[in-house]
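>>> Mind looking at a prediction? Sequence and model below.
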Amino acid sequence: MRHVASLARISLTAEEEQIYQHQLSAILEAIETLNALNTDSVEPTSHATLSQSLLREDRVLPCLEPDRALANAPAKVGTSIAVPKILE
């Protein structure tokens with residue numbers, strides 16, 4: 001646990017080391033259990049759920065005209081929204 005804490009650049013009290021050591025051991029045991037499972041016949045997935053993508057298909061649509069896009073902007077400079085300067 002001290003090595004892991006060192007890698008994370010955190011300091012732990014002796015009590016915290018004990019707590020985290022037990023938690024880390026439980027996590028590693030759970031991973032070991034998962035590694036023991038035979039997954040040869042399981043198809044790889046890119047998402048945790050098997051549902052279809054909820055995203056729409058990309059479509060090219062006409063852009064808003066600059067005057068309409070800036071209609072509600074509090075301040076404008078040409079065809080851009082003016083914002084307060086934050087860097088000197």
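That came through, no problem.
>>> tell me the mean pLDDT for stretch 67-86?
Stretch 67-86 shows a mean pLDDT of 92.
>>> Please apply the same query to stretch 14-33.
95.
>>> what sits up against it?
1-2, 4-5, 12 (CB atoms under 8 Å, 6 or more residues apart in numbering). All C-beta atoms are positioned from the backbone trio N, CA, C, and that covers glycine.
>>> Taking those residues together, which two end up most distant?
Using CB to CB, the pair of the contacts of stretch 14-33 lying farthest apart is 4 and 12, separated by 9.3 Å.
>>> show me where the protein has helices.
Using DSSP state H, the helices found in the chain span residues 2-8, 14-35, 66-69.
>>> Settle it for me: which of residue 4 and residue 12 has more neighbours?
Shown here are residue 4 and residue 12; by other CB atoms under 10 Å, residue 12 has more neighbours (17 against 13).
>>> residues contacting that one?
With CB under 8 Å, 6+ apart, residue 12 has these contacts: 1-2, 5, 20.
>>> quick one: which of these is nearest residue 43?
Residue 43 has its nearest neighbour among those in residue 20, at 35.9 Å by CB to CB.
>>> For that closest one, grab the count of nearby residues.
15.
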